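# Sharing a model prediction with you, sequence too.
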Amino acid sequence: MKFSSTLLFMLTPAMVMGLLDQKMKAKGKRYFGTALDAWHLSGSDQSNIKMIAGADFGAITHENSLKWDAVQPQQGNYQFGNADAVVNWATSNNRLLRGHTLVWHSQLPQWVHNINSASQLTQVIQNHINTVMGRYRGRIYAWDVVNEVFEENGTFRNSVFYRLLGENFIDIAFRAARNADPNAKLYINDYNLDGPGPKIDAMIALIGRLRSRGVPIDGVGTQAHLILGQVGGVQSQLQRLAGTGLDVAITELDIRIQTPVTAQKLDQQYSDYQTVTRACLNVPRCVGISVWGISDKHSWVDSTFPSYDAPLLWDDWFNRKNAYWGVDNALN
Ligand code: G3I
């Protein structure tokens, strides 16, 4: 069902509280979440953002402020101000938190790229994980322990981590993470796992090896940065990921539209969001969905892909889009 903006206007705040997250939980899932950062909570759009995040989203992921370059820009110099602001808001509003991310080749400070000893890098990974996870022990429900380790052809990405430690950097990171917060759910996370091919094959094979070595891993996150009209493979690939025996989560969902954005494309986005939401509902091991932001105004998409736009559930003026009602419809 699509709602007109007039009808929406007539709904009282109490009637719209908890819509998506509450409906997701009613389907037996853990959360429907979003990404945000400290500046969203303090900037000029903060009232819209807090209202929407408070009403629709049960889990929060830091968009940038928990990444390595944000929390440990120089060795041993930890900066938690922005990360704390998000954790404090989420905790005081009873939201779950997904921690993003501990070991990632991107947004990694130069001093880590410059390391050239395996033993030093091991210690640096362990210290980083201990310090960051330790600070939030018991308050962050799940962590993306390692992020984006694969190239599109399924080979390991040529990061400082892989160059010095081989695949073992993943084992080191997960073992440090379990040690730092034994109750947190530990995830591996990547993008372009939405269709068949060498990348998802490599991910499934890696998970098999990690499990056979006894590496503590609980889940696999599929980011799901999708393109309009190309969402048909999501459920079958989610099912394959669940076949590894891990929990699965859709961790960074957005569906970008090639410009010009037309009414017809926004209708297609309704059905694409519906399809992806149903995919998670139809896969028992899928614990939840997080979208990668609230309003199109703040999305990473248009600066990264200049010919794409409008990937999220709210428009630039914080009006619910058809896409929102696509999710809602799948949850009804
Ligand atoms: O921190 C600097 C700041 O000092 C400077 O003033 C400002 C000027 O533009 O730039 C700031 O850095 C930006 C950073 O976001 C924080 O706002 C970077 O330029 C910008 O490239 C960075 O983009 C983020 C991107 O990750 C970086 O890879 C996006 O906001 C964020 O949405 C995106 O998120 C990633 C996930 O972590 C992993 N999966 C893919 C996803 C989309 O790329």
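That came through fine.
# count of residues packed around residue 44?
Neighbourhood size, residue 44 [other CB atoms under 10 Å]: 7. Where C-beta positions appear, they are placed from N, C-alpha and C, glycine not excepted.
# How much space separates it from residue 312?
Distance, residue 44 to residue 312, using CB to CB, to the nearest Å: 18 Å.
# what distance separates the start and the end of stretch 39-50?
The straight-line separation of the ends of stretch 39-50 (CA to CA, to the nearest Å) is 12 Å.
# how far does it sit from the chain's center?
When distances are taken as CA atoms, centre = their mean, to the nearest Å, stretch 39-50 is centred 20 Å away from the chain's centroid.
# Averaged pLDDT, it. What do you get?
The predicted model assigns stretch 39-50 a mean pLDDT of 97.
# Name the residues of it that are buried.
Residues 39-41, 45, 48-49 are the ones in stretch 39-50 that count as buried (16 or more other CB atoms under 10 Å).
# And stretch 236-256, by the same measure?
Buried residues in stretch 236-256, counted by 16+ other CB under 10 Å: 237-242, 244, 246-256.
# now, which of these lie within helices?
Under the assignment DSSP state H, these contribute 237-242 to helices.
# Give me the contacts around stretch 222-237.
189-191, 193-196, 200, 238, 241, 248-258, 265, 268-269, 272, 275-276, 278-279, 282-283, 292, 308 (CB atoms under 8 Å, 6 or more residues apart in numbering).
# out of those residues, which touch the ligand?
191, 252 (CB under 6 Å from any ligand atom).
# Run through the residues of the stretch 201-332 of the chain sitting next to the ligand.
So far as CB under 6 Å from any ligand atom goes, the stretch 201-332 of the chain lies against the ligand at 223, 252, 300.
# Between the residues you listed, which sits nearest the ligand?
Nearest to the ligand among those, counting by CB to the nearest ligand atom, is residue 300 at 3.6 Å.
# so that closest one touches residue 312, yeah?
No: using CB atoms under 8 Å, residue 300 is not in contact with residue 312, being 10.4 Å away.
# Find residues that contact each of those two.
By CB under 8 Å, 6+ apart, residue 300 and residue 312 have these common neighbours: 292-293.
# Neighbour count for those two, which is higher?
Between residue 300 and residue 312, residue 312 has the larger neighbour count (other CB under 10 Å), namely 26 against 17.
# What values do phi and psi take at the more buried one?
phi -110, psi -170 (degrees, to the nearest 10).
# That one touches residue 299, doesn't it?
Yes: using CB under 8 Å, residue 312 is in contact with residue 299, at 5.6 Å.
# can I assume residue 317 sits in a strand?
No: with DSSP: H, G, I helix; E, B strand; the rest coil as the criterion, residue 317 is coil rather than part of a strand.
# need the residues of the stretch 1-150 of the chain near the ligand, please.
Counting by CB under 6 Å from any ligand atom, the stretch 1-150 of the chain comes close to the ligand at 63-64, 106-107.
# Which ones among these map onto strands?
Judged by DSSP state E, strands contain none of those.
# which of the residues you listed are buried?
Counted by 16+ other CB under 10 Å, these give 63-64 as buried.
# biggest separation within the residues of the stretch 1-150 of the chain next to the ligand, which pair?
Taking CB to CB as the measure, those span a maximum distance of 13.2 Å, between 63 and 106.
# Okay, helices next: where are they in the stretch 51-200 of the chain?
68-71, 81-92, 110-113, 118-135, 160-165, 168-180, 198-212 (DSSP state H, counting those that start in this stretch).
# name the helices or strands packed onto the longest one?
Spelled out, it's helix 118-135. Judged by 3 or more CB pairs under 8 Å, 6 or more residues apart in numbering; DSSP states H and E, helix 118-135 is in contact with strand 96-104, helix 160-165, helix 168-180.
# So which of those is the most surrounded?
strand 96-104 (a mean of 24; mean count of other CB atoms under 10 Å).
# what residues are up against residue 119?
Contact analysis of residue 119 by CB under 8 Å, 6+ apart lists nothing.
# Please apply the same query to residue 69.
Contact analysis of residue 69 by CB under 8 Å, 6+ apart lists 107-109.
# Redo those as TSV? Include pLDDT.
Formatted as TSV, the contacts of residue 69 follow (pLDDT from 0 to 100):
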residue	pLDDT
107	98
108	98
109	98
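# quick revisit: just to be sure, which of the contacts of stretch 222-237 are found in strands?
189-190, 248-258, 308.
# With respect to the ligand, which of those is nearest?
The closest of the ones in strands among the contacts of stretch 222-237, once distances to the ligand are taken by CB to the nearest ligand atom, is residue 252, at 5.4 Å.
# I'd say that closest one and residue 190 touch.
No: using CB under 8 Å, residue 252 is not in contact with residue 190, being 10.2 Å away.
# Find the residues that touch each one of those two.
With CB under 8 Å, 6+ apart as the test, residue 252 and residue 190 both reach 221, 223.
# Can you tell me which helix or strand of the protein has the lowest average pLDDT?
helix 13-16 (a mean of 43; mean pLDDT, DSSP states H and E).
# Smallest gap between the stretch 1-150 of the chain and the ligand, at which residue?
For the stretch 1-150 of the chain, CB to the nearest ligand atom, closest residue to the ligand: residue 64, 4.2 Å.
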